[in-house]
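Participant: let me see the structure of the following:
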Amino acid sequence: MRMACRETFRAMTQKHPLEALLRPPVELASSVAYMAAGAIAVMSPGALLTVPSVAYVLASFCLLRAIQRTRSGFKLVRYQHQLLVIKPWLLHGRDIPISRELLLLGTGFEWEALHTQRHHDTKLPANRHITKRWNTQGYKRARTVERALRTCGLTPLAKLLATPFWLNPWSPVPHFEGDPTLHGVGGWEQNHPVGAQQSERNAHMLVVGTTRVGKTRLCELLVAQDIRNGEVVVVFDPKGDAELLIRMWAEAVRAGREHQFYMFHLGYPEHSCRYNPVGTFGRITEPASRIASQLPGEGNSAAFREFAWRYVNVISKAGTELGKRLTYDFYLQYGADIDPLLSEYLERVFSLNEQQYPNWRRDIEQLLKSERKPDKSMQGRDRKAWAAVLVYKDYGIFDEVAHALVKTFEYEKSFYDKLVASLFPLLEKLTSGETGKLLSPDYLDLTDNRPIIEWRSIIRQGGIVYIGLDALSDAEVASAVGSAMFSDLTSVAGAIYKRGTNDGLLEVEGEDGKKRRVCLHLDEFNELVGAEFVPMANKAGGAGFQLTAYTQTLSDIVVRFGDKAKAGQVIGNLGTLVMLRVKELETAKLLTDQLPEVSVGDLGLRSGSQDAPGSDDVDFVSGALQTIGSKKVPLLHPGDLTRLPKGQAFALCSGRLYKLCIPILSDAAELPGSLTTVATAMRDRYASVREDWSTMPVRWRGLS
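Facilitator: A predicted model of the protein is given here:
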């Protein structure tokens with residue numbers, strides 16, 4: 001069917017320089033004439049001065065031509081009707097097409113110069129009676145009659161007049177928040193499923209759209225396919241969307257993977273699994289970077305952040321050498337008072353050198369009992385730590401970590417506390433209340449049944465993880481945890497890239513024998529990522545990571561990175577672009593600047609007259625001339641992207657532009673007890689800031 005429609009297009013554009021799809025359906029008049037001629041030939045052959053056998057052949061020809069012309073006329077009427085009426089695509093979860101080759105994005109068509117021409121035609125004043133049909137006198141009278149019929153109790157007649165069908169010349173026009181003709185111009189063709197190649201997803205994807213236009217509904221669709229394909233799926237949801245959580249659980253159950261499902265939610269710690277954002281790392285410097293990246297870094301604050309980074313890094317190295325597990329609680333404990341950590345670490349150093357210095361304990365005790373006083377810079381420090389430092393220096397032992405601890409210890413405590421003052425409020429927020437127990441889990445507490453997740457294990461077992469960051473309640477904590485998680489994932493991606501998933505372990509593969517891909521869906525991703533995003537996007541594709549980033553504007557990314565050039569570098573690493581309605585022209589130009597210019601035709605009319613004084617028979621000469629001109633216009637104008645209806649988008653996949661409608665997933669799922677509590681609370685808690693466009697009632701223009 002699709003090929004037949006395309007051949008019809010080519011034939012039309014080759015025969016006629018302009019399509020003129022907004023003209024009156026003159027084919028219907030000719031079809032009536034053909035039917036009348038056929039009826040005369042059948043009923044009265046003599047009127048045509050022919051024998052019955054010839055008349056019947058002529059009648060058959062007329063009937064065939066009448067059918068052809070009627071079909072063409074109805075197709076034109078249907079096209080003009082569908083310019084303003086777009087039916088939503090309701091799709092049950094079990095009917096989502098699952099493929100290892102294609103990722104379904106929606107239903108639509110490839111946008112070409114032909115569609116630019118049609119959309120240009122809809123803006124002409126001469127076609128206003130079609131594109132603004134609700135403003136015509138006939139439409140207004142029809143709505144008045146409809147209301148009168150309902151008032152008089154003639155509801156069946158009113159319903160007939162209000163039938164939303166293309167054969168009804170007064171069919172009601174639904175109220176769209178946008179320009180429905182952007183999708184309606186593809187109604188002449190057969191809309192078909194539009195998808196991106198799965199093989200190109202390692203080039204990553206960017207989904208852009210303003211608030212409440214369908215980004216999360218598209219995320220549901222993509223996540224459902226990834227889960228059903230057996231991939232590792234991690235979804236970051238800073239704001240909290242109950243339908244997204246329910247969709248993930250429903251698809252996990254449908255795929256038989258409910259035992260692989262994990263939920264981490266800062267807003268509901270009692271139902272959440274636990275996670276240590278700084279507990280796993282490839283390099284010892286990573287925990288310090290994850291914490292320091294959340295501190296202010298503009299202007300003079302950059303120097304203080306570097307001091308804080310070094311302070312945390314010293315604590316990290318000492319704790320790791322002592323075999324302690326790094327957590328936010330650990331950093332808060334020893335960050336506020338490094339003296340006990342220094343004493344414990346120096347005892348370890350002395351123990352390792354006990355054969356050479358067997359009397360270290362006695363020497364420390366003697367200093368403690370002596371009347372020797374610390375230097376002014378070390379007044380207020382723990383006396384045992386001070387004594388251990390003096391013994392360490394007297395012995396001339398050199399240990400890299402001990403040396404760094406001693407240097408930190410020798411700073412005046414009040415002075416150093418000022419340098420790292422910005423660190424402690426952040427750690428306080430990350431360790432307070434139930435959230436603190438969530439982010440600094442007690443691994444030895446056997447009474448706590450909440451699982452502890454770790455990314456390498458999640459990837460090996462093929463996990464499905466929903467991460468709710470509750471950013472509406474505490475944006476700073478949400479940003480810190482989300483950024484630390486993403487940094488942790490970047491570290492894991494680097495390790496997998498170098499050594500593979502099964503470093504030193506048995507081979508683990510997906511059900512189909514193929515390595516699982518890691519699909520990361522990052523809603524409001526500008527709140528999650530920092531400088532580590534660029535290497536992640538550059539190199540993680542080789543480790544099987546596929547990023548799908550969702551954001552509202554280009555400015556969000558610019559503000560996050562503080563530099564438009566860096567923001568451009570981030571966007572340049574995202575191959576596929578899906579753009580819903582946006583409000584910022586600079587954001588719209590992310591798509592339109594990548595598209596070429598095309599030629600559109602304009603029909604012009606010239607007429608005039610002049611006297612003919614030299615002729616006795618001709619008083620004047622007049623003439624009329626129609627001309628077809630062309631001009632260069634963008635294939636898609638940035639302003640068009642600011643008028644997209646909800647649930648519609650343009651997608652630039654593999655260098656080809658598609659116009660698509662996002663399906664509405666219509667099924668629901670039964671959740672286990674804990675998830676039901678969370679989903680219900682999320683619906684109630686975030687109801688005031690979230691509008692579900694998929695359940696909005698249909699409103700008709702001109703009908704109150």
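Participant: CA only for contacts and neighbour counts going forward, please
Facilitator: Fine.
Participant: neighbours of Lys393, how many?
Facilitator: 12 (other CA atoms under 10 Å).
Participant: grab the most central residue of the chain for me.
Facilitator: Tyr550 (2.9 Å; CA atoms, centre = their mean).
Participant: correct me, but that residue touches Leu522?
Facilitator: Yes. Tyr550 is within contact range of Leu522, at 5.9 Å (criterion: CA atoms under 8 Å).
Participant: mean confidence for the helix or strand where the residue nearest to the centre of the chain lies?
Facilitator: Using DSSP states H and E, Tyr550 falls within strand 545-551. Mean pLDDT, computed over strand 545-551, is 93.
Participant: return the distance of it from the chain's centre.
Facilitator: For strand 545-551, the separation from the chain centroid amounts to 7 Å (computed by CA atoms, centre = their mean, to the nearest Å).
Participant: show me what secondary structure element comes after the helix or strand of the chain with the lowest mean pLDDT.
Facilitator: Every helix and strand in the chain was compared by mean pLDDT, DSSP states H and E; the lowest is helix 2-15, with a mean of 46. Where DSSP H and E defines the elements, the next helix or strand beyond helix 2-15 is helix 27-43.
Participant: any idea of the mean pLDDT in the next helix or strand after that following helix?
Facilitator: Note on helix 27-43: by DSSP H and E, the next helix or strand toward the C-terminus is helix 52-82. Throughout helix 52-82, pLDDT has a mean value of 92.
Participant: which elements pack onto the next helix or strand after helix 52-82?
Facilitator: Per DSSP H and E, helix 52-82 leads on to strand 90-91 as the next helix or strand towards the C-terminus. With contacts defined as 3 or more CA pairs under 8 Å, 6 or more residues apart in numbering; DSSP states H and E, strand 90-91 has these neighbours: strand 664-665.
Participant: just how off-centre is the strand it packs on within its chain?
Facilitator: Distance of strand 664-665 from the chain centroid (CA atoms, centre = their mean) equals 16 Å.
Participant: parallel or antiparallel, which strands does that strand pair with?
Facilitator: Sheet pairing for strand 664-665, assigned by DSSP bridges, gives strand 90-91 (parallel).
Participant: what is the mean pLDDT for the partner strand?
Facilitator: Strand 90-91 shows a mean pLDDT of 85.
Participant: likewise for stretch 98-107?
Facilitator: Here stretch 98-107 scores 92 as its mean pLDDT.
Participant: same question, stretch 236-249
Facilitator: For stretch 236-249, the per-residue pLDDT averages 88.
Participant: could you work out the end-to-end span of it for me?
Facilitator: Start-to-end span of stretch 236-249 (CA to CA, to the nearest Å) is 15 Å.
Participant: can you give me how far it is from the chain middle?
Facilitator: Put simply, stretch 236-249 sits 13 Å off its chain's centre (CA atoms, centre = their mean).
Participant: how about stretch 430-449?
Facilitator: Per CA atoms, centre = their mean, the centroid offset for stretch 430-449 relative to its chain is 32 Å.
Participant: ok, now stretch 134-141?
Facilitator: Counting by CA atoms, centre = their mean, stretch 134-141 comes out at 40 Å from the chain centroid.
Participant: now swap in stretch 124-131 and tell me
Facilitator: 35 Å.
Participant: average pLDDT across that stretch?
Facilitator: Computed over stretch 124-131, the mean pLDDT rounds to 88.
Participant: next: stretch 387-403.
Facilitator: The model assigns stretch 387-403 a mean pLDDT of 91.
Participant: cool, stretch 302-313 as well?
Facilitator: 87.
Participant: in that stretch, what counts as buried?
Facilitator: Across stretch 302-313, burial judged by 16 or more other CA atoms under 10 Å covers 304-313.
Participant: these in helices, which ones?
Facilitator: In helices, defined here by DSSP state H, the members of these are 304-313.
Participant: and these, which two are the farthest apart?
Facilitator: The largest distance within those, taken as CA to CA, falls between Phe304 and Asn313 and amounts to 14.1 Å.
Participant: Lys384 contacts Ser343, correct?
Facilitator: Yes. With contact defined as CA under 8 Å, Lys384 counts as touching Ser343 (7.1 Å).
Participant: who's more crowded, these two?
Facilitator: Shown here are Lys384 and Ser343; by other CA under 10 Å, Ser343 has more neighbours (21 against 16).
Participant: secondary structure element holding that one?
Facilitator: helix 339-352.
Participant: may I see the buried residues of that helix?
Facilitator: 339, 341-343, 345-347, 349-350.
Participant: need those residues in JSON lines (columns: distance to Val26).
Facilitator: Below are the buried residues of helix 339-352 laid out as JSON lines (distance: CA to CA, whole Å):
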{"residue": "Asp339", "distance to Val26": "92"}
{"residue": "Leu341", "distance to Val26": "90"}
{"residue": "Leu342", "distance to Val26": "92"}
{"residue": "Ser343", "distance to Val26": "96"}
{"residue": "Tyr345", "distance to Val26": "93"}
{"residue": "Leu346", "distance to Val26": "96"}
{"residue": "Glu347", "distance to Val26": "98"}
{"residue": "Val349", "distance to Val26": "97"}
{"residue": "Phe350", "distance to Val26": "100"}
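Participant: so Val598 lies in a strand, does it not?
Facilitator: Yes. Under DSSP: H, G, I helix; E, B strand; the rest coil, Val598 falls within a strand.
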